[in-house]
Structures are given as structure tokens and as C-alpha cells.
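K.L.:
Quick one: sequence and predicted model below, then my questions.
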Amino acid sequence: MSIRDGKGRFQKTELTKEDLNNIKTDFENGMKIKDIRKKYKIGAVTSRKLLPRRRRKDMTKEIIKKLRNDYFSGISIKEILNKYNISPGSLYKQTKANREPCPDSCITFLKKMNPLNPKLFYIAGFIDADGGISVIKSFPKWYKGKPYFSSQLTACNTNKQVIKEIKNFFRWGSIFKIKPNPKHRQYRKLYRWCVNNQKVIEQILILLYNKLIVKQKRADLVLQIINAKKEKNIEKQKEIYQLYRNEMEKN
């Protein structure tokens with residue numbers, strides 16, 4: 001067995017049979033793995049070999065539905081973690097990582113949001129400066145060679161905490177890390193918040209529309225193309241996309 005000392009170097013330690021039995025009993029009694037490591041001075045690799053992963057058996061489908069409804073109803077993340085006794089990673093798995101379609105509770109959360117919330121004014125200015133409201137044209141095989149139009153909402157910054165705050169505020173979206181080009185060492189890595197769900201984009205742009213200055217015209221065109229997609233009017237989508245391209249060329 002080996003552990004790391006304070007300087008990051010490995011130190012070999014020998015665990016007796018009594019230590020192994022005590023570790024297992026402490027784990028079964030509910031002691032945290034971090035406390036076990038400190039008590040017996042073992043590393044993370046050793047604890048993974050000795051102890052199995054704790055899995056909640058009481059996370060039924062009903063509890064997962066309640067958890068998702070609480071998350072999208074506006075309850076703070078700390079309260080949810082304490083209520084269901086779960087980690088942030090498991091909360092992410094139950095809300096985003098399973099790639100389920102946007103639940104109705106998220107839409108109702110955005111609809112009930114106060115449009116005069118001061119954070120909305122800050123986020124609108126942030127998107128005007130370091131964000132993007134775009135329309136993407138593609139030709140997927142499943143669309144039988146016809147043009148398919150989808151919208152996207154993004155916000156970029158070198159400060160990860162700011163991007164996390166925006167994501168947690170709207171309770172939707174993904175965060176991607178963009179590494180800088182090795183040729184330009186003076187640049188730092190970027191963090192991008194991205195939303196591709198059309199229903200969520202529609203509700204967010206409705207909240208931000210009157211607060212945008214630079215990208216208000218683009219937001220108007222994206223809302224128009226979302227409504228045209230609901231009507232399944234391809235010709236109207238093409239016209240709006242052409243207007244969007246003209247707007248992009250001006251700026």
C-alpha cells in the first residue's frame with residue numbers, strides 16, 4: 001500500500017489484518033471515505049481498491065422525478081444536495097447527463113421568472129459583449145436533403161465561475177472548455193456556456209429581448225425562425241435565415 005505525503009511523494013505503508021477489518025467496519029457504519037483516509041493514512045487509489053463505491057438504493061424513479069422538479073422549480077442547489085443527500089456529480093447525472101428532452105418544469109421555471117430581475121440585465125450585457133445568438137444551417141440525412149435550421153445561444157469568458165453562475169441561473173445548458181492555440185501563448189483557455197434546446201432558447205430570449213442592445217435584431221430573427229419551425233414553413237425559414245446572414249455581414 002502507498003500514500004502521498006505532504007510534498008506529493010509516495011510513502012509505503014503496511015496495513016495489518018486488523019486495520020483492514022477496522023476500515024471495512026467503519027465504512028459499513030457510515031463513516032465518510034475522506035475520514036477513513038485521514039484516520040488510516042491511505043491514499044485515494046488504496047481506498048478504491050479496498051472499499052466498494054457507495055450507491056443509493058433508494059433513488060427510485062419517483063424520487064428522481066421529485067429531484068428534477070425541485071431543480072427546475074428554482075430551489076437552490078445546496079438545498080437539493082442536503083435534501084436528497086447526494087453529490088453534485090449525481091445531481092448532474094439526474095438532470096443533464098442523461099440527455100433527456102427539456103422537461104416542462106424547466107419551461108415553467110423560465111416563464112415564472114421575474115423579467116425585472118437585475119441578473120437578467122447583467123446577463124443581457126454579457127451576451128451583447130461576449131455572447132452569441134446564432135442560427136445554424138445544416139443538411140442532415142434524416143431531413144431528406146432539405147435545409148434544417150437550428151438556433152444556438154452561447155456566452156464565453158475566461159472566468160469559469162461567471163459561466164457557471166449563468167448556467168445555474170437558467171438551470172439549463174452545457175459548459176465546454178476551449179483550449180488556446182499553442183502558437184499564441186498569451187491567450188488563456190475559455191469556458192463557453194451553450195444552449196441548443198429550442199424551447200429553452202425561446203424563453204430565455206423572451207426574457208432578455210428588451211434588455212439587449214447590440215444583438216437585439218439577431219434575437220428577433222431567432223424568435224421568428226423558431227415560430228416558423230413550429231408552423232413547418234421551410235420557405236419562411238429560408239427568408240429569415242437570409243436576413244440573419246445580411247445582419248451578420250453588417251456587423
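P.N.:
On my side now, so go ahead. In this text the structure is predicted, and so the values were computed from the model without any measurement.

K.L.:
domain assignment for the chain?
P.N.:
18-54, 61-100, 108-250 (automatic domain parsing).

K.L.:
Pick the most deeply packed of these.
P.N.:
domain 108-250 (a mean of 15; mean count of other Cβ atoms under 10 Å). (Each C-beta comes from the backbone N, C-alpha and C, glycine too.)

K.L.:
ok now stretch 177-186, how far from the chain's centre?
P.N.:
23 Å (Cα atoms, centre = their mean, to the nearest Å).

K.L.:
per-stretch mean pLDDT over the domains of the chain, give me the minimum one.
P.N.:
Lowest mean pLDDT within these: domain 61-100, at a mean of 72.

K.L.:
The residue nearest the centre of the chain: what's it in contact with?
P.N.:
By Cα atoms, centre = their mean, the chain has its centre lying nearest to Ser174, at 3.6 Å. Counting by Cβ atoms under 8 Å, 6 or more residues apart in numbering, Ser174 touches 96, 167, 193-195.

K.L.:
Nearest to Arg37 among those residues?
P.N.:
Each of the contacts of Ser174 was scored against Arg37 by Cβ to Cβ, and Lys96 proved nearest at 29.6 Å.

K.L.:
what's near enough to touch Arg188?
P.N.:
So Arg188 contacts 158, 180 (Cβ under 8 Å, 6+ apart).

K.L.:
same deal with Arg171?
P.N.:
Neighbours of Arg171 in contact, by Cβ under 8 Å, 6+ apart: 71-72, 74, 106, 109.

K.L.:
Got the phi and psi for it?
P.N.:
Main-chain dihedrals, Arg171, degrees, to the nearest 10: phi 60, psi 30.

K.L.:
so how far is Ser151 from it?
P.N.:
19 Å (Cβ to Cβ, to the nearest Å).

K.L.:
Which members of the contacts of Ser174 are positioned in helices?
P.N.:
Lys167 (DSSP state H).

K.L.:
of all the contacts of Ser174, which comes closest to Ile127?
P.N.:
Trp193 (9.8 Å).

K.L.:
Spit out the contact partners of that closest one.
P.N.:
Contacts of Trp193 by Cβ under 8 Å, 6+ apart are 154-156, 163, 166-167, 173-175.
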